[in-house]
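>>> kindly return the folded structure for what I paste below:
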Amino acid sequence: MLRLYRDALRLRRTTPALGGEDFRWLDSPDGTLLFERGHGLLCAVNLSHRPMALPEARYMLLASGLLDHDGLLPPDTTVSLRTA
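Numbering: from 1, shown residues only. The predicted model follows:
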């Protein structure tokens, strides 16, 4: 958990998209949260009991756990993604 927190702080300092004020909620399945911040930063949170499909063409910046073999977000996992 400490490493995840440190990595998140480093990411915040080095990723300009995190500093923007732009924020919008996106449609997502029940039990999940999906939002976009700045220019191309996407955060997906899976609070459900089922794996969550992630948007395609995204580069993973930080995750609280490993993704499934098919690139699905497992339950109780959060991931920050970036386009390109």
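>>> show me which residues of stretch 73-84 are buried.
Across stretch 73-84, burial judged by 16 or more other Cβ atoms under 10 Å covers L73, P74, T77, T78, V79, S80, L81, R82. The C-beta positions use only the backbone N, C-alpha and C, and glycine is treated the same way.
>>> which of the residues you listed has the weakest pLDDT?
Sorting these by pLDDT puts R82 at the bottom of the list (85).
>>> quick one: A63 from D22, how far?
Per Cβ to Cβ, to the nearest Å, A63 is found 23 Å from D22.
>>> between the two, who's got more neighbours?
Higher neighbour count among A63 and D22: A63, with 17 against 10, using other Cβ atoms under 10 Å.
>>> so who does that one touch?
With contact taken as Cβ atoms under 8 Å, 6 or more residues apart in numbering, A63 is in contact with T77, T78, V79, S80.
>>> tell me what the first one is bridged to.
The bridge-partner assignment for T77, based on DSSP bridges, gives N46.
>>> pretty sure it contacts N46?
Yes - the pair T77 / N46 is scored as a contact, 5.4 Å apart, by Cβ atoms under 8 Å.
>>> farthest pair within the buried residues of stretch 73-84?
The two members of the buried residues of stretch 73-84 with the most space between them (Cβ to Cβ) are P74 and R82, at 20.1 Å.
>>> against H49, how distant is the nearest residue to L81 once chain neighbours are set aside?
Leaving out its chain neighbours, the residue that sits closest to L81 by Cβ to Cβ, 6 or more residues apart in numbering is R58, at 3.8 Å. Separation of R58 from H49 (Cβ to Cβ) stands at 23 Å.
>>> flag every buried residue along the one helix or strand in the chain whose mean pLDDT sits lowest.
None of the helices or strands of the chain scores lower by mean pLDDT, DSSP states H and E than helix 2-14, at a mean of 80. Neighbour-count burial for helix 2-14 flags L11 (criterion: 16+ other Cβ under 10 Å).
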